[in-house]
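Novice: Requesting a structural model of the entry that follows:
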Amino acid sequence: MALLSSPFSRNAEVWISLALLAAQPMILVRATHDAIARRRPTFRDRIWTTAWFVPSVRRSDFQRRAARLALVACLLAAGMAFADEPDSDGDLSIEVPALAEPAPRDLTLLWEWRDKQLQANLEGAMHRIGLTEALESGRLSVALVNITDRQRPRVSAINGDKMFYAASLPKIIVMLAVFEQAETGRLTIDQETHEQLYRMIRISSNSDSTALMQKVGKKYIADLVRSPRYLLYDPSHNGGLWAGKDYDNGGLWRRDPVHNLSHGATTMQVARFFYLLEVGKLVTPQASLEMKQILERKGGGKKFVKGFRQVQPDARIHRKGGTWRNFHSDAALVIRPDGAAYIAVGLSESEHGREWLTNVAIAMDGLIESPSP
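Specialist: Predicted coordinates:
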């Protein structure tokens, strides 16, 4: 299924009619020659046969050229007629939402900010904690972005563009959609909506997530993450953040176009979300600040939070994760008391995923040096 539905396929009848009109002169020429040969032309003769295909008929240069033109027109029409159509339950044509402000100068193409030394350090750290096989088999993906200098991110990732089922982690883009619609006047963040946002992120409430998805619309969310401003879902990078189904039972709208996942993510696109958040480019600086406050995690926790609290008990952590069966995901923006800051993301498919992510968090923190005085 094409991501952008073809406008030609919707007008197939028009194209076929034009093609048959182009072919009509040669059909008549063929019929005339058949009449001279005292044979009644068949329906197949009239539609599919032109003078170009029948060597027994004497042809002029004009006839040969016109026949070839008619053939090309028919083939083109057939291709247009059978182009991919959207599924019957809706289409995935992109409607770019009205956003709060024009797209900023893009500092968020994190793939262009890869740091060779940090990459080597990350690979070495994952080997030391025994996760090389999990990474090589595709059951684990990690990304680490040092943003101590906000304008010069240093990026490292392993399987960074591999898309996983991410459970509750994509609720962050539901939150983004709410703030985007509030900024453009389509929605008001009243007390009820504010409480729903907190419960969706802080305790990962599925019922509140579903209520908010229905408020903003699942198609709006899909359009938003694929819009040029954000591109948090990008097929050229193997997908990204996607939420195409309610978090309560039922409510499926669309699975993602690349991997057929209802709730998915890649570590690099999640890292981009948190980088945009930190530099104030999600909706507006004020909206980014409010979303950071909702994401802040105080106290203990599981997976990443458990690991970070062991090594950085006083760090500020803005975090969202998810778990479903053997799928475990976590992502955090960590701001340390020494001024260092980084984004850590992990996605896994294993019964050991929780423990993996705790160990990954501890190892990643050790790779971030304190800034110079």
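Novice: looking at it, residue 234 is touching residue 241, isn't it?
Specialist: No. Contact criterion C-beta atoms under 8 Å: residue 234 and residue 241 do not qualify, at 9.8 Å. Where you see a C-beta, it was placed from the backbone N, CA and C, and this is true even at glycine.
Novice: Comparing those two, which residue is more hemmed in?
Specialist: With neighbours defined as other C-beta atoms under 10 Å, residue 234 and residue 241 compare such that residue 241 has more, 28 against 19.
Novice: Count the neighbours of the residue lying closest to the more buried one once chain neighbours are set aside for me.
Specialist: Closest residue to residue 241 apart from its sequence neighbours, by C-beta to C-beta, 6 or more residues apart in numbering: residue 232 at 4.6 Å. By other C-beta under 10 Å, the residues close to residue 232 number 26.
Novice: quick one: contacts for residue 232?
Specialist: Contacts for residue 232 (C-beta atoms under 8 Å, 6 or more residues apart in numbering) come out as 173, 225, 226, 240, 241, 269, 272, 273.
Novice: Quick one: low-confidence residue ranges for the chain.
Specialist: 1-108 (pLDDT under 70).
Novice: Domains of it: list them as residue ranges, please.
Specialist: Residue ranges for the domains of the chain, per automatic domain parsing: 9-81, 110-169+234-365.
Novice: Adding distance to residue 189, write the ones you listed out as JSON lines.
Specialist: Below are the domains of the chain laid out as JSON lines (distance: least, C-beta to C-beta, whole Å):
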{"stretch": "domain 9-81", "distance to residue 189": "38"}
{"stretch": "domain 110-169+234-365", "distance to residue 189": "9"}
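Novice: Name the stretch among the ones you listed that sits most buried.
Specialist: Mean neighbour count (mean count of other C-beta atoms under 10 Å) peaks for domain 110-169+234-365 among the domains of the chain, with a mean of 20.
Novice: gap between it and the chain center?
Specialist: 15 Å (C-alpha atoms, centre = their mean, to the nearest Å).
Novice: same deal with stretch 174-185?
Specialist: 18 Å.
Novice: just to revisit the earlier point, any residues in contact with both of residue 234 and residue 241?
Specialist: residue 269.
Novice: The protein: strands as residue ranges?
Specialist: 140-146, 154-158, 164-165, 233-234, 239-240, 242-243, 263-265, 296-297, 316-324, 327-335, 341-349 (DSSP state E).
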